[in-house]
Each structure stands twice: as C-alpha cells, then as structure tokens.
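*Asks:* Model the structure of this input:
(one chain, ligands or ions: 2)
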Amino acid sequence: MATSDFVVVILAAGKGTRLKSARAKVLHRAGGRSLVEHVVRACQPLKAREIIAVVGHQAEDVTGTVAPLGVKTALQQPQRGTGHAMVVARRAIPSRAKFAILLPGDAPLIRTETLAALARAHKETNAAATILSAEIENPAGYGRILRSDGGSVSAIVEDSALTDDQHAIREINSSIYCFTLEKLWPCLGSLKPQNVHKELYLTDAIAVLREKGENVQAVLAGDPDEVLGCNTRADLAAVDAVFRRRKRAAVMDAGVTLEMPETVLIDPEVTVGADSRIEPCVQLLGKTRIGSNCTIRTGSVLADAVLEDNVLVKPHTMVIASHLSRGTQVGPFAHLRDGARLEENARVGNFVEVKKSVLGEGVKSMHLTYLGDARIGAGTNIGAGTITCNYDGVNKNPTTIGKRVFIGSDTALVAPVRVGDGAYVGAGSVITENVPADALGLARGRQVNMPGWAATRRRQMAAAAKPAKSRPRKKSKRRAPARRSKTRSHRVRPRKASRRR
Ligand code: UD1
Ligand code: CA
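*Replies:* Ligands and ions are numbered 1, 2, ... in the order given. Modelled structure (predicted):
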C-alpha cells in the first residue's frame, strides 16, 4: 500500500501521572521494550513519509529513545492535552502530507497490519476521520464511541463525562485514528478546555467534524488486546502479559518445547532453534540466540547469550553476553559473563564464574572456581577451587594456560602469569611465576608431621579439666600445646618431626 501521502504522529509528551513515577510514561517497559519503541516499530513498515513523535515530559530521554529509530520530534511544552499535541505536531508535518495516522505512545500492542487496514478503510470511505475502536470487557477509563443511527460516529465521550446510560457502551476509542489533515486542522482551533484537566482533547474534534457535516467512521479492531493503553501499573502488567504470550506462541510455533510456558519470559528479539527445550521459570533476555537441540533447565537466566546447537544449561545458571559452542554444558549454579566463550564440548560446573575468558575445546572446570581474563587451551582440567587473581587493585591482568594442562585444586594463579602446554600445577599452589611447558609447578608450604602431638594435647586437656582439690598442688610445668608460653622450656616438643616433600 502506498502511504507516501501519510505521516505518522505518535503522542508521547504526557507525564503519566497515574503511574506515580519519576519516569515519563512512554519510557516504561512492557514486553521487553519501552512502550514508545513498540509503537514506533509497529509504524515503521508502513513506510510513511515521516514518523513524528510529540515529546514534552522528559523530552530528551524520549527523543534519545525514538531518534535512533528514524523518528522526528516536535516539542510540546507545556502539555495541554491530546488536541494541543496535534497542534504542535502540525509544525513538523510536511505540507504535502494528506493524511495522518495518529497513535498514543502508550498503546504498544498495535500491529502494523491493523494500522494498514485502518488507513485503507479511511481512503475507501473518503472519511475526514477514521477511529480504530474496540469492544472490550471492561471499558472503564476509556473514551466511548457514540454512533448515529446510520452507524457513522457522532462523538467520542470521555469516561469522566459519560451519562448514566452511556456507561453501558462497550465500544471504546483506542486513540488511534486516521485523519484527513485539511479537514482536521480547522477543527483544532475550535477545541475548548471544557474538562476537569483544562486540556484540549483531540476526542472533541470528532464532534466538531460532525457539526461541519464531515464523514467520521470507526473500524473495530479484530483483536481488542491491540488497543490496550497503559495508564496504570496494572495496565503495564496486563500489556506485558499479552506481549509475553505472543512471543511464547511464536517460539513454540518454531518447534521449541516450553514446559509450563506461562512461567517462561522471552524478550522480543530472542530466537530459539527447533527441538530445544526450555524448562519452567527460565528468562531469555536481550538478543539471546539459541540453537537447535539445546536444553535450558529451570531457573536459568540468559541475556545476550549465543548458544550453538546441543548445549545444556543446567538449573540456576546465568549466561550474560557469552558464547557457548556446540556440545557445551554449564551449571548448575554457574555464572558466565562479559564475553566468556566456551569452545566445543567444554564444561563448567557448579559455583564456577567465568568472565571475559576463553575455555578451549573440551576444557573442564567443574567446581567452585573463578576464571577471569583467562585463555585456557584445549583439553585442560581446572581443579576445584581455582582462582585467577586477575585484579591487582588497579589493573586487570591476563592468565594464559596452555593445552592439556592440569591445574590442581585450590590453586591461585596470580596474573599476569602463564602455564605452558602439558604442565601440572600442584594442589594448593599460589602461582606467581610462569610454569614452563610439561613442568610441575608447586608453590605451597611444606607439610610437617609431629608424631604423638595430638595424644599429648588430649592428655593435658583432660588433666586441666579435673576439679582443683584432686589436682596436685604444684603446678605442672607442662601446658597444653595450644597455649603458647613465653619461655621456650614450657613448649611441647615433638618427639620426632617428619617432613613430607
Ligand atoms: C485517551 C483518549 C481516550 C481513549 C484513550 C485510549 C483523549 C482526551 N482521550 O485517554 O478517549 O479511550 O486515550 O487509550 O484523547 N499526550 C501528549 N500530550 C498531552 C497529553 C497527552 O502527548 O498534552 C500523550 C500521552 O503521552 C499519551 C497519549 O497522548 O501517550 C494519550 O494521553 P493519555 O493521557 O494517556 O490519554 P487517556 O486518558 O488514556
Ligand atoms: Ca492512555
């Protein structure tokens, strides 16, 4: 459909008093995006001559959100109602434009096809204004459509101005309209602030058009959900629920199993490959891309993550801005973030954090470990409790571990440091110097065994615990070994110390 004679106008200047928020209403989020971004995205495929947003409250922030999407803005200051907003928009509308599709920035569920159908109907009926209406269960809060006997629209009555019998009208004004601009402009001048808010209501322009004998139509939205507006937090939650349901349905259509789908939260840009399975209470956020045959187990959160095929994410794992290659397994309770990358078949287990590190093919790090700013070669095993000490208080330093390395448990690798291919690091080491390829790096205190020490201590403690009268008067020179005496002669000496290397 040719819409080059159309402009789109989005009303986004209001404060949103009913949200009781410091943030402008249209910047509140539902379905993984700000409200106004949803509206802009629904309008973009119409290829209108221009998309113009009327901004006012927090104008800079709203402009910052819509300008990157190719939207021009017009500043409404102060905000004197939806009718006044259209007066302001006029300055930004090119004179060649004949029609305007007008939308509120707070009704984000609208679909492109519905807007295109509205514009088509408007042209076909030669109307001065065409309103997108809807019949909804609970119309409270919305303006209602008054129809004359012939079926055309005679007026919109705001909720606060309804007479008793008008309350029963279930056909509501969505605030989405198509206007023939040369017919609309003269009407805006006749609007009066005759309402409690002392605002100029665009809805009053409908009655003005009718008084001039103009043709005003309303077309019913096929899906009433599409017109839901967000005036309150409850409205935001209801709209969010619709977005989430739509997205889950699309993901399931693509061949993905969602267990207890109503508990799974998926952002709009997420993609999931066929035969993948998502367990309950999972969140897939941002630009996450998941391949085929993956399993994301319960309680896991993935944001901007890339998963190739056959990846297993075990319960309660976070994968943030990280890449999991084919066949990798992570979790339970793992945390991968900031550019962590696992090559094929690598495995990360419980209570392991990986930050900005590359784990080569088949690397295993299964327990209680922090790997930050590290590169780890294929086939290496990282023992339980390994820590890369990457931060020296000022800078982050790299740790480089070669291929087929064995890092013993409870090793601290003080970066910058390198461990060569095929090397071993003994458990409990604090590695501060490079370990050459195929060497054993060992950096820990040597063990001392004192034969009989424990038995002596137990005897002394038992003696000390006896009641005073049964104890000999003279103080024993021997004391419990744990209480250190100042003089050497009181120390318990091991009979023979054996050292283990
Ligand atoms: C409006 C309609 C109502 C309709 C409902 C549908 C009017 C008077 N009423 O009511 O008939 O049923 O939408 O959701 O139009 N805005 C500006 N500048 C202003 C005032 C508002 O840009 O000076 C913007 C707001 O940011 C918002 C939109 O216009 O995006 C609608 O305003 P809002 O206050 O939400 O109108 P409703 O009371 O919902
Ligand atoms: Ca509204």
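
*Asks:* tell me the pLDDT at the spatially closest residue to P280 that is not a sequence neighbour?
*Replies:* Distance criterion C-beta to C-beta, 6 or more residues apart in numbering; nearest residue to P280, sequence neighbours excluded, is M260 at 4.0 Å. Quick note: C-beta positions are derived from backbone N, CA and C, even for glycine. In this prediction, M260 carries a pLDDT score of 98.

*Asks:* For M260, grab phi and psi.
*Replies:* Main-chain dihedrals, M260, degrees, to the nearest 10: phi 50, psi 60.

*Asks:* ok, now the one 4 residues further on?
*Replies:* Backbone geometry at V264, expressed as degrees, to the nearest 10, gives phi -100, psi 130.

*Asks:* I'd say it and R277 touch.
*Replies:* No - look at V264 against R277 with C-beta atoms under 8 Å: they stay out of range, at 10.9 Å.

*Asks:* Neighbour count for these two, which is higher?
*Replies:* V264 (23 against 15; other C-beta atoms under 10 Å).

*Asks:* where does the stretch 101-250 of the chain dip in pLDDT?
*Replies:* Applying pLDDT under 70 to the stretch 101-250 of the chain flags no residue at all.

*Asks:* Within range of ligand 1, give me the residues from it.
*Replies:* Neighbours of ligand 1 within the stretch 101-250 of the chain, by C-beta under 6 Å from any ligand atom: 104-107, 142-143, 156, 158, 172-175, 201-203, 229, 231.

*Asks:* give me the subset of the residues you listed touching ligand 2.
*Replies:* Contacts with ligand 2 within those, counted by C-beta under 5 Å from the ion: 106, 229, 231.

*Asks:* Filter those down to the ones in strands?
*Replies:* Of these, none are assigned to strands by DSSP state E.

*Asks:* Which of those sits closest to ligand 2?
*Replies:* Nearest to ligand 2 among those is G229, at 3.7 Å by C-beta to the ion.

*Asks:* My guess is the closest one contacts L236. True?
*Replies:* No - the criterion here is C-beta under 8 Å, and G229 misses it with L236 at 10.2 Å.

*Asks:* count of neighbours near the residue nearest to P280?
*Replies:* Using other C-beta under 10 Å: M260 sits among 12 other residues.

*Asks:* The one 10 residues further on now?
*Replies:* Here the number of neighbours of V270 (other C-beta under 10 Å) works out to 23.

*Asks:* again, but for R458
*Replies:* 11.

*Asks:* That one belongs to a helix?
*Replies:* Yes - with DSSP: H, G, I helix; E, B strand; the rest coil as the criterion, R458 is part of a helix.

*Asks:* Pull the contacting residues for it.
*Replies:* For R458, no residue meets the contact criterion (C-beta atoms under 8 Å, 6 or more residues apart in numbering).

*Asks:* measure it to ligand 2 for me?
*Replies:* Using C-beta to the ion, to the nearest Å, we find R458 at a distance of 79 Å from ligand 2.

*Asks:* OK, contacts around P416?
*Replies:* Applying C-beta under 8 Å, 6+ apart, we find P416 in contact with 397-399.

*Asks:* Which members of these occur in strands, if any?
*Replies:* The members of the contacts of P416 that map onto strands under DSSP E are T399.

*Asks:* In the contacts of P416, which residue is surrounded by the most others?
*Replies:* Result: T399 is most packed of these (other C-beta under 10 Å), 24 neighbours.

*Asks:* Name all residues that make contact with it.
*Replies:* 371, 373-375, 388, 390, 413, 415-418.

*Asks:* Please apply the same query to Q166.
*Replies:* Neighbours of Q166 in contact, by C-beta under 8 Å, 6+ apart: 144, 146, 157.

*Asks:* Can you tell me the SS state at it?
*Replies:* Classified using three-state DSSP, Q166 is helix.

*Asks:* didn't V36 look like it was pressed against V66?
*Replies:* Yes - taking contacts as C-beta under 8 Å, V36 lies within contact range of V66: 6.0 Å.

*Asks:* pLDDT score for S4?
*Replies:* With respect to pLDDT, S4 scores 78.

*Asks:* before we move on, what about the one 10 residues further on?
*Replies:* Turning to G14, the model gives it a pLDDT of 93.

*Asks:* And it, how close does it get to R233?
*Replies:* Relative to R233, G14 is positioned 16 Å away (C-beta to C-beta, to the nearest Å).

*Asks:* hang on, the earlier thing: just the ones of the contacts of T399 in helices?
*Replies:* With helices defined by DSSP state H, no entry of the contacts of T399 lies inside them.

*Asks:* Please tabulate the residues you listed in a markdown table, including the columns pLDDT and distance to K183.
*Replies:* Below are these laid out as a markdown table (pLDDT from 0 to 100; distance: C-beta to C-beta, whole Å):
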| residue | pLDDT | distance to K183 |
| --- | --- | --- |
| L371 | 98 | 67 |
| D373 | 98 | 65 |
| A374 | 98 | 68 |
| R375 | 98 | 68 |
| T388 | 98 | 70 |
| N390 | 97 | 67 |
| L413 | 98 | 75 |
| A415 | 98 | 71 |
| P416 | 98 | 73 |
| V417 | 98 | 76 |
| R418 | 98 | 76 |
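
*Asks:* Which among the residues you listed count as buried?
*Replies:* Buried residues within the contacts of T399, counting neighbours by 16 or more other C-beta atoms under 10 Å: 371, 373-375, 388, 390, 413, 415, 417-418.

*Asks:* Contact partners for A129?
*Replies:* Applying C-beta under 8 Å, 6+ apart, the residues near A129 are 153, 177-180, 183-184, 205-206, 209, 214, 216-217.

*Asks:* swap in D223?
*Replies:* 111, 114.

*Asks:* how about the residues of the chain that lie near ligand 1?
*Replies:* Counting by C-beta under 6 Å from any ligand atom, the chain comes close to ligand 1 at 11-14, 25-26, 54, 56, 76, 79-82, 84-85, 104-107, 142-143, 156, 158, 172-175, 201-203, 229, 231.

*Asks:* Just the ones of these in strands?
*Replies:* Per DSSP E, the subset of these in strands is 11-12, 54, 104, 156, 172-175.

*Asks:* So which residues of the protein form helices?
*Replies:* Using DSSP H, helices in the chain cover 35-43, 59-66, 82-90, 112-124, 181-188, 204-211, 233-253, 453-465.
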